[in-house]
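Undergrad: Next input, structure requested:
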Amino acid sequence: MSLESAPDEIKLAVDLIYLLESNEIDPQTALKALAIVKQDLDAKVDSTPKMTVEASGS
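TA: Numbering: from 1, shown residues only. Purely as a prediction, here's the structure:
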């Protein structure tokens, strides 16, 4: 599978790895930062109203 046809999360992961490595970010620092990012994104996901699917009666 080529990167072009990979799922978006794989493309983003590759981009993030490249960014961290090209800027010579310490792996432990990167992991700590990613934990903060995960907490932030989890909070955003939890606060996003969820759409419900209702069956329509005909």
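
Undergrad: for this structure, which helix is longest?
TA: If you go by DSSP state H, the chain has its longest helix at helix 27-47.

Undergrad: Can you point out the buried residues in that helix?
TA: A30 (16 or more other C-beta atoms under 10 Å). In this view, the C-beta of every residue, glycine as well, is placed from N, C-alpha and C.

Undergrad: Likewise for stretch 1-9?
TA: For stretch 1-9, it's none, nothing buried (16+ other C-beta under 10 Å).

Undergrad: In terms of pLDDT, where does K44 sit?
TA: The score at K44 is 95. That number is its pLDDT.

Undergrad: repeat for K50
TA: At K50, the pLDDT value in this model is 75.

Undergrad: swap in S5?
TA: For S5, the pLDDT comes out at 94.

Undergrad: Any stretches of this structure with poor pLDDT?
TA: 53-58 (pLDDT under 70).

Undergrad: I would like the residues contacting the longest helix of the chain, please.
TA: By C-beta atoms under 8 Å, 6 or more residues apart in numbering, the residues outside helix 27-47 that reach it are L20.

Undergrad: Taking the centroid of the chain, which residue is nearest it?
TA: Nearest to the mean C-alpha position of the chain, counting by C-alpha atoms, centre = their mean, stands E9 at 6.3 Å.

Undergrad: Of all the residues in the host helix or strand of that one, which ones are buried?
TA: Assessed by DSSP states H and E, E9 sits inside helix 8-22. Within helix 8-22, the residues scored as buried using 16+ other C-beta under 10 Å are L20.
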